[in-house]
Structure formats: structure tokens, C-alpha cells
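Asker: build me a structure from this.
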Amino acid sequence: MSDTLITIIAILLAAVLMFIFPLLSVSERSDDISQLSVETATTKFVDNARSVGKITMQNYTDLVSTINATGNSYDIEMEIQVLDENIGKKSAWTEGTVIGENTYYSIYTSQIVDVLEDKGVYVMKEGDRFSTSVKNTNKTLSQAIRGVFYSISGSDVYTIAAQHAGIVTANGSY
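Answerer: Numbering: from 1, shown residues only. Next up is the predicted model:
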């Protein structure tokens with residue numbers, strides 16, 4: 001009886017070692033490739049928008065299609081902090097050369113996408129700040145396998161994410 005139990009345990013252990021761990025390794029490698037693709041696409045999108053001073057519908061569509069080609073679904077969050085120069089505003093600065101203070105107000109993804117759908121382009125000006133964050137929303141195969149073995153679960157867990165930001169260096173034009 002004990003020999004039979006040991007044989008069954010050995011067969012189960014061999015099955016895990018022969019099938020599950022290689023599958024986990026391949027799925028993690030797939031997540032690494034997806035991660036690299038998403039990081040590259042996000043960086044290219046933000047850097048292009050910063051250097052040209054505008055976000056076009058074509059560039060946004062290219063970003064979406066590139067990251068969706070990985071086979072995962074993603075949440076894309078964009079934010080533009082628009083430079084609001086209050087030149088004539090009085091301030092409490094002790095330095096005599098400062099007349100006013102530069103402040104920023106934020107425009108978020110839904111507002112940006114609305115403008116892109118209406119006009120096809122969102123124009124920024126030099127000094128604005130532009131950032132984009134991308135996170136996967138689905139559970140990948142490696143997350144599912146790790147969830148079985150390590151009890152990692154929850155909807156807040158994501159493995160593929162990228163973010164990039166910078167200051168706009170050119171005034172955009174239509």
C-alpha cells in the first residue's frame with residue numbers, strides 16, 4: 001500500500017515538473033515580451049507628442065493597436081498638466097524679480113479622447129507636462145498559474161504596466 005502511495009506521489013510530482021513549471025516559464029516570458037512592447041509603445045507615443053506639441057488621433061490609435069497586439073486588454077490613462085501663466089498676479093515672494101507664479105491645471109484621458117474624436121488633434125504648448133500610464137486589465141496565463149501556486153489573487157494585481165512623462169518642448173499647431 002505504501003509503495004502505491006509513493007508511486008502516485010512521484011507521478012504527480014513528475015507531471016508538475018514536466019508540464020506546469022515549463023508552462024509557467026513560457027507564460028512569464030510572454031509577459032516579459034508584452035511588457036517590453038508596451039513600454040516601447042508608451043515611450044514612443046509620449047516622446048512624439050512632447051516633441052511635436054500635439055497628440056493626434058492617428059498616434060493614439062497606433063498606441064492602442066500596438067499594445068492590443070500583445071493579446072491583453074489595457075487601461076490607458078493620459079494626463080496633460082497645462083501651464084497657466086499668471087504673469088500679472090501679485091505674489092508673496094521675497095525676491096523682487098518674480099512677478100507671478102506658474103500654476104498647472106490638469107486635463108485627463110476622457111477629455112483628451114473627446115477632443116481627439118471631435119477635432120482629430122489635441123494641441124499642447126511648450127511648458128505643458130504630458131504623462132501616459134498603461135496597465136493590463138485582464139489576468140494573464142502566468143498570473144493564473146502563479147495564483148494557483150502562490151495564492152496571489154485580486155483584481156488590483158497587474159503584471160504588465162508602463163508609464164512615461166515629460167515636458168512638452170514645442171508649441172503644437174493644427
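
Asker: okay, CA-based contacts and neighbour counts for the rest of this
Answerer: Noted.

Asker: tell me where this protein has strands.
Answerer: For the chain, the strands defined by DSSP state E occupy 54-56, 74-85, 102-108, 121-123, 129-136, 161-167.

Asker: make CSV from those and add mean neighbour count, distance to V64 and mean pLDDT to it.
Answerer: Conversion of the strands of the chain to CSV gives the following (neighbours: other C-alpha atoms under 10 Å; distance: least, C-alpha to C-alpha, whole Å; pLDDT from 0 to 100):
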stretch, mean neighbour count, distance to V64, mean pLDDT
strand 54-56, 22, 13, 96
strand 74-85, 17, 8, 92
strand 102-108, 12, 17, 89
strand 121-123, 20, 16, 96
strand 129-136, 21, 10, 96
strand 161-167, 18, 13, 95
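
Asker: who wins for proximity to S65 among the ones you listed?
Answerer: Taking C-alpha to C-alpha, strand 74-85 is the member of the strands of the chain nearest to S65, at 10.8 Å.

Asker: how far does that closest one sit from the chain's center?
Answerer: 13 Å (C-alpha atoms, centre = their mean, to the nearest Å).

Asker: partner strands of that strand, with direction?
Answerer: Strand 74-85 has the following strand partners under DSSP bridges: strand 102-108 (antiparallel), strand 129-136 (antiparallel).

Asker: picking up where we left off before, could you dump the strands of the chain into TSV with distance to S30 added?
Answerer: Converted to TSV, the strands of the chain look like this (distance: least, C-alpha to C-alpha, whole Å):
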stretch	distance to S30
strand 54-56	30
strand 74-85	16
strand 102-108	31
strand 121-123	34
strand 129-136	14
strand 161-167	14
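
Asker: now the angle between strand 129-136 and the helix ranked longest in the chain, please.
Answerer: Using DSSP state H, we find that the single longest helix of the chain is helix 21-52. Interaxial angle, helix 21-52 versus strand 129-136 (axes from the mean of the first three to the mean of the last three C-alpha atoms, to 10 degrees): 160 degrees.

Asker: N72: which of the strands paired with strand 74-85 is closest?
Answerer: Evaluated with C-alpha to C-alpha, those place strand 129-136 nearest to N72, the distance being 6.6 Å.

Asker: what bridges to the residue nearest the centre of the chain?
Answerer: Nearest to the geometric centre of the chain sits V134, at 1.7 Å (C-alpha atoms, centre = their mean). The partner list for V134 in beta bridges (DSSP bridges) reads I76, A162.
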